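> attaching a predicted model along with its sequence, questions to come.
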Amino acid sequence: MRENRFREALKLLEPISRDKDTQHNYAAQASLLIAVCAERLGEYENAITYYKRTAERFDKSHEALANICRRMI
């Protein structure tokens, strides 16, 4: 992501966000980062979907809180 290679980042993050065996915090981080990548690519509908999914699926996580704060800005 740091090098603006958002499509490649999406491919790497997607399996992590869906994996039920992955530690909860890694899956939450991956989900939030997918939303950020989609937003940077201008795919706003996808970004909104992932921001919502992060907030709903990981409602007690730091990523959900970051998601809420990001919407307030």
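On my side now, so go ahead. Just so we're clear, the structure is a prediction, and the values are computed from it rather than from any experiment.
> check which helix or strand covers the residue nearest in space to the middle of the chain.
By C-alpha atoms, centre = their mean, the chain has its centre lying nearest to residue 32, at 1.9 Å. When secondary structure is defined by DSSP states H and E, residue 32 falls within helix 24-40.
> CA atoms of the helix or strand following that helix as PDB?
If you walk from helix 24-40 toward the C-terminus, the next helix or strand you reach (DSSP H and E) is helix 44-57. What follows is helix 44-57 as a C-alpha-only set of coordinates in PDB (Å, rounded to 0.1, in the frame of the first residue of the first chain):
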ATOM      1  CA  TYR A  44     -16.300   4.100  -3.200                       C
ATOM      2  CA  GLU A  45     -19.200   1.600  -3.100                       C
ATOM      3  CA  ASN A  46     -16.700  -1.200  -2.400                       C
ATOM      4  CA  ALA A  47     -15.000   0.900   0.200                       C
ATOM      5  CA  ILE A  48     -18.300   1.600   2.000                       C
ATOM      6  CA  THR A  49     -19.200  -2.100   1.900                       C
ATOM      7  CA  TYR A  50     -15.900  -3.000   3.600                       C
ATOM      8  CA  TYR A  51     -16.100  -0.200   6.100                       C
ATOM      9  CA  LYS A  52     -19.500  -1.400   7.100                       C
ATOM     10  CA  ARG A  53     -18.400  -5.100   7.100                       C
ATOM     11  CA  THR A  54     -15.500  -4.200   9.400                       C
ATOM     12  CA  ALA A  55     -17.700  -2.400  11.800                       C
ATOM     13  CA  GLU A  56     -20.300  -5.100  11.900                       C
ATOM     14  CA  ARG A  57     -18.000  -8.200  12.000                       C
END
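> hmm, who's touching stretch 4-22?
Residues external to stretch 4-22 that are found in contact with it (C-beta atoms under 8 Å, 6 or more residues apart in numbering): 1, 26, 27, 30, 31, 33, 34, 37, 38, 40, 41. C-betas here are computed from N, CA, C, even on glycine.
> fine by me, we can end here.
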